[in-house]
Every structure is written in structure tokens, then in C-alpha cells.
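**Student:** got a structure for you, letters missing:
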């Protein structure tokens with residue numbers, strides 16, 4: 001009987017894990033390779049005989065594609081016409097120093113499945129102009145479309161109909177196949193070429209090469225697993241599975257780089273705080289992270305024309321790094337001062353509060369006791385403030401995956417369900433962070449109780465240095481984040 005129950009539990013567990021995998025894997029498989037916020041551009045210049053054709057391709061990742069869908073509503077042809085006119089005005093071509101007036105010859109758009117049930121958007125615009133046949137021309141191209149948006153940007157040049165390239169500072173082959181396949185080795189440092197200078201010899205007769213395929217504007221109805229569950233119209237079992245999957249996604253996200261795990265470790269080890277502090281730190285990170293998702297979601301929906309959401313990420317990272325740096329420097333100052341005065345951070349092994357488990361106390365001179373109490377109180381105040389500040393800093397930068405789930409819920413008119421999934425995502429994030437913090441705090445306490453006196457003495461000597469070292473580690477982490485964010489802001 002017991003064996004059958006155990007087998008049944010294993011079957012249920014395997015089914016839940018399989019369902020969660022089916023829900024979570026599409027989130028990764030369909031993610032845009034350059035990030036959910038990117039707007040990517042490719043411009044191909046073709047001199048075909050005496051006809052200059054400029055093919056401009058825009059690849060919108062999920063979040064900007066969602067914003068454009070909101071803007072176009074039911075009038076996608078009108079939106080496409082306006083977008084093509086914007087491209088015509090933003091792509092500047094000059095021939096022999098004189099600006100060329102480009103005309104829109106063709107345009108197309110197509111949606112493709114993306115992450116979290118959202119879609120990516122591909123737009124192509126064909127611009128044309130004529131040049132003097134048989135002559136050599138200096139052609140300059142500047143792509144000013146979506147200037148300031150983050151993402152890939154490239155320019156290429158080709159010839160046909162008897163024309164020839166005499167000199168060019170851009171390649172003839174698109175490294176991304178016109179934004180269809182991005183090179184894996186350039187995903188962390190996307191190409192950013194907005195200008196080209198070309199020496200082209202025109203041919204005599206155009207071959208009438210067609211660059212754009214058939215126009216396609218129909219949106220696909222693709223949905224990944226999590227959003228499909230969200231759109232399950234109230235089925236209780238599927239809603240529970242969606243909540244479970246969202247928690248699993250949040251837990252997996254917590255294990256990815258970031259979220260202040262290194263800072264958390266340095267803080268908890270250096271201050272010898274308890275598991276309660278680990279819970280408080282993890283909870284603060286989670287609350288801040290959740291609030292950031294909702295705030296960025298509101299910005300994406302209602303204020304993206306004022307501030308592009310992707311531009312906020314370097315700013316939030318800068319704020320997070322600066323806050324961690326300030327807390328780290330303050331902790332270094334307090335701990336160094338305490339160590340110089342012989343306070344509790346300098347001689348933790350010699351004071352009752354540092355090893356109360358041993359069941360004995362020490363007597364001190366009044367002046368020393370006063371300095372001890374003063375340093376201890378200052379350290380405690382700094383630690384409490386630092387705890388909250390580090391929690392806020394760790395959760396300041398919201399997760400794009402959680403934002404995608406929220407936007408997908410909005411697109412399905414399941415706002416309450418989306419809020420539930422974001423809360424579940426945050427609960428999974430909190431569980432892992434609290435678990436990591438509790439393990440660190442418990443491990444540090446266990447090490448301090450090792451009975452081997454020689455090891456204890458060595459640990460006691462190290463204890464005088466560890467608080468300052470951990471504060472320096474926090475400061476270094478904050479400085480690294482700040483420097484990295486400054487390059488993004490600039």
C-alpha cells in the first residue's frame with residue numbers, strides 16, 4: 001500500500017515537472033536573441049544600373065512590438081504607411097554631396113511569435129531614386145531611424161545591372177541576413193553602424209530587381225504555455241499550474257546573475273546577522289523588484305513616448321550600483337573606526353555578544369565599555385539601514401520576463417490574472433533569495449561553533465578582518481555596477 005502511494009506521488013510529481021517544463025521552455029526558446037527591448041535596423045543599398053534602391057528593415061523585439069501594436073490598433077495599413085514615411089525622412093542619402101529625394105516604392109510588415117505569447121514585428125521599406133547612368137558617384141548614407149533606441153544597426157552595399165563598387169567602408173553581405181539570424185558572437189556587443197561612404201559606378205540599364213517579398217500584415221495567434229494557461233478562462237487546475245509555473249520561473253530567474261547575491265553574501269557573513277535578516281533582505285529585494293515590474297509596465301503602456309523603457313535600464317542599474325557603493329563605503333567607515341577603537345568588530349572573540357553561546361562574559365573598564373557600546377550601536381544602526389538599502393538596490397532593476405508576462409496579460413484582457421502571475425513570480429524569486437541568505441547565515445553560525453580550539457582561534461583572528469573585508473567587497477560590487485551603468489547611460 002505504501003509503495004503504491006509512493007509511486008503515485010512520483011507520477012504526480014513527474015507530471016507537474018513535465019507540465020512546468022512545457023510551460024517554461026517556450027519562454028526561453030522564443031526569446032529575442034538581442035533582448036526583449038531592442039529595435040534593430042538593417043539598411044541595404046543597391047545600385048541597380050542607374051536606380052538607387054535602399055531597403056530598410058526594422059526588427060522589433062517583443063516589448064517595442066507590443067507598443068507598436070497598441071499604437072496601430074485596427075488600422076495596421078495606415079500605421080505602416082506612416083512608418084514608411086518616417087523611414088523615408090530618417091534615412092538620408094546624398095550623391096556627390098547633394099541630398100537625394102527618396103520615394104517609397106514598397107513596404108511590408110509581418111508579426112512572428114515571440115516570448116510570453118507576445119510577438120515580434122518585422123517591417124521592410126523600399127526607397128528608390130535615380131542617379132546619372134555610366135558615371136562614378138560618391139554616395140553617403142545615414143540611418144537616423146529610431147536614433148537612440150538600443151539594438152543592432154548595420155549597412156551593406158550591393159550592385160546589379162552593370163553597376164560596380166569602387167570603394168566602400170561597409171560590407172556587401174549582411175552579417176545578420178537582414179536581421180533574420182544574428183551572429184552568436186555579437187549578441188553581447190551588437191553591431192552599430194549608422195553611416196556609410198561609397199564610391200559607386202552606375203550602369204546604363206536597371207534590371208528591375210525586386211527586393212521585397214509579398215506584403216504580410218496578419219498577426220499570428222501563437223501563444224506559449226504560460227500565456228495559454230493565463231487564457232484558460234478560469235479553469236482552476238490550469239490557473240494553479242500557471243501559478244506554479246510562474247513561481248518556478250521566478251526561482252530560476254533568481255539563480256541567474258544579478259539580484260545582489262554576492263552583496264547579500266558579503267553582508268550576512270560580514271555582519272553575522274541571523275536568518276531573520278536574510279528573510280528581510282530577500283523580502284525587500286522581492287517587493288522592490290515587483291514594484292519595478294508594475295512601474296515599468298505602466299510606463300510601457302502609457303508613457304513610452306516620453307521615456308523609452310529600455311533607456312531606463314541603464315539608469316536603474318546606475319542607481320542600484322550607486323546605492324550599493326554608498327552603503328559599502330559607509331560600512332567600511334564604521335567598521336574601520338570600530339576596529340581602530342578595539343570595538344566589537346575588532347575583537348569579536350573577546351566580547352560576550354560575539355560568542356554568547358559559550359556562556360561566559362568579560363569585564364571591561366568603563367571607558368572601554370562606553371566605546372564598545374557606542375561602536376556596537378553605530379554598527380547596528382548602519383547594518384539596519386544597510387540591510388534595507390541593499391534590499392532596495394538588489395531589486396531595483398526589474399526582470400524583462402516578468403514584464404512580458406504582465407504585458408501579455410494586458411493584451412489578453414486578463415489583468416487580474418497577470419497580477420497574480422507576477423506575484424507568484426516574485427514569490428518564487430523571494431523563496432530562492434531567502435533560501436540562499438538563510439543558508440549563508442546558518443553556515444556562518446555553524447562555523448563559529450566548531451569545537452576545535454585551534455580552528456576557533458584562527459577564525460577569531462580572521463573575524464577582526466572579515467567585517468571590513470566584506471564591506472570592501474560590497475563597495476567593489478557597487479563600484480563595478482556603477483562603472484558598467486555609466487557606459488550604458490552615456
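**Tutor:** Here it is on my side, so go on. No experiment lies behind these values; they were computed from the predicted model shown. Numbers count the residues shown, from 1 in each chain.
**Student:** Below-threshold pLDDT in the stretch 351-490 of the chain: ranges please.
**Tutor:** Flagging of the stretch 351-490 of the chain using pLDDT under 70 yields the residue ranges 351-386, 411-413, 440-467, 487-490.
**Student:** mind checking the SS state of the residue lying closest to residue 313 once chain neighbours are set aside?
**Tutor:** Take residue 313 and drop its neighbours on the chain: the residue closest to it by C-beta to C-beta, 6 or more residues apart in numbering is residue 397, 6.6 Å away. All C-beta atoms are positioned from the backbone trio N, CA, C, and that covers glycine. Here residue 397 is recorded as coil under DSSP: H, G, I helix; E, B strand; the rest coil.
**Student:** Now the nearest residue to residue 85 once chain neighbours are set aside, what are its backbone angles?
**Tutor:** Closest residue to residue 85 apart from its sequence neighbours, by C-beta to C-beta, 6+ apart: residue 104 at 7.0 Å. For residue 104, the backbone dihedrals are phi -80, psi 110 (criterion: degrees, to the nearest 10).
**Student:** and residue 104, what does it touch?
**Tutor:** Counting by C-beta atoms under 8 Å, 6 or more residues apart in numbering, residue 104 makes contact with 84, 85, 87, 88, 125, 126, 127.
**Student:** Pull up the gap between it and residue 167, please.
**Tutor:** From residue 104 across to residue 167, the span is 29 Å (C-beta to C-beta, to the nearest Å).
**Student:** circling back: among the contacts of residue 104, which are located in strands?
**Tutor:** Applying DSSP state E to the contacts of residue 104, the entries found in strands are 125, 126, 127.
**Student:** So which of these wins on neighbours?
**Tutor:** In terms of neighbours by other C-beta atoms under 10 Å, these top out with residue 125 at 27 neighbours.
**Student:** which residues are in contact with stretch 131-141?
**Tutor:** By C-beta under 8 Å, 6+ apart, stretch 131-141 touches 43, 45, 47, 49-52, 54, 91-97, 100, 155, 166, 195-205.
**Student:** can we see that at 7 Å?
**Tutor:** Outside of stretch 131-141, the residues within contact range by C-beta atoms under 7 Å, 6 or more residues apart in numbering are 43, 45, 49-50, 52, 93-96, 155, 166, 195-204.
**Student:** I'd guessed residue 394 sits against residue 285; true?
**Tutor:** Yes. Counting by C-beta atoms under 7 Å, residue 394 touches residue 285, with 4.2 Å between them.
**Student:** And the closest residue to residue 328 other than its chain neighbours, how far from residue 391?
**Tutor:** Among residues not flanking residue 328 along the chain, residue 475 sits closest, at 3.2 Å (C-beta to C-beta, 6+ apart). Using C-beta to C-beta, residue 475 is found at 17 Å from residue 391.
**Student:** of those two, who's got more company?
**Tutor:** residue 391 (25 against 21).
**Student:** Now name the helix or strand holding the more buried one.
**Tutor:** Using DSSP states H and E, residue 391 sits in helix 366-394.
**Student:** tell me which residues in the next helix or strand after that helix are buried?
**Tutor:** Next along the chain after helix 366-394, taking DSSP H and E as the criterion, comes helix 400-411. Of all the residues in helix 400-411, those buried under the rule 16 or more other C-beta atoms under 10 Å are 400, 401, 402, 403, 404, 405, 406, 407, 408, 409, 410, 411.
**Student:** who does the longest helix belonging to the chain touch, helix- and strand-wise?
**Tutor:** Looking across the chain with DSSP state H, the single longest helix is helix 415-448. Helix 415-448 is packed against helix 225-230, helix 236-254, helix 261-271, helix 275-302, helix 400-411, with contacts defined by 3 or more C-beta pairs under 7 Å, 6 or more residues apart in numbering; DSSP states H and E.
**Student:** Out of these, which gets the lowest mean score?
**Tutor:** Here the helices and strands packed on helix 415-448 differ in mean pLDDT, and the lowest is helix 225-230 at a mean of 57.
**Student:** Residue 317 and residue 393 touch, don't they?
**Tutor:** No. In this structure, residue 317 is not within contact of residue 393 by C-beta under 7 Å, at 10.1 Å.
**Student:** who's more crowded, these two?
**Tutor:** Neighbours per residue (other C-beta under 10 Å) separate residue 317 from residue 393, with residue 393 holding more: 27 against 20.
**Student:** Pretty sure the more buried one sits against residue 324.
**Tutor:** Yes. Counting by C-beta under 7 Å, residue 393 touches residue 324, with 4.7 Å between them.
**Student:** Pull the contacting residues for residue 168.
**Tutor:** By C-beta under 7 Å, 6+ apart, the contact set of residue 168 is 157, 198.
**Student:** Got phi/psi on it?
**Tutor:** Residue 168 adopts backbone torsions of phi -160, psi 140, taken as degrees, to the nearest 10.
**Student:** ok so, going back, roughly how far does the residue nearest to residue 313 sit from residue 184?
**Tutor:** 25 Å.
**Student:** Now do residue 116, the pLDDT please.
**Tutor:** Predicted confidence (pLDDT) for residue 116: 67.
**Student:** what do you get for residue 72?
**Tutor:** At residue 72, pLDDT is 86.
**Student:** and it, what does it touch?
**Tutor:** residue 79.
**Student:** Would you check how far apart it and residue 57 are?
**Tutor:** To residue 57, residue 72 is 18 Å away according to C-beta to C-beta.
**Student:** cool, and residue 86?
**Tutor:** Distance from residue 86 to residue 57, by C-beta to C-beta: 14 Å.
**Student:** Quick check on those two: which one has the bigger neighbour count.
**Tutor:** Using other C-beta under 10 Å, the more surrounded residue of residue 86 and residue 57 is residue 57, with 23 against 13.
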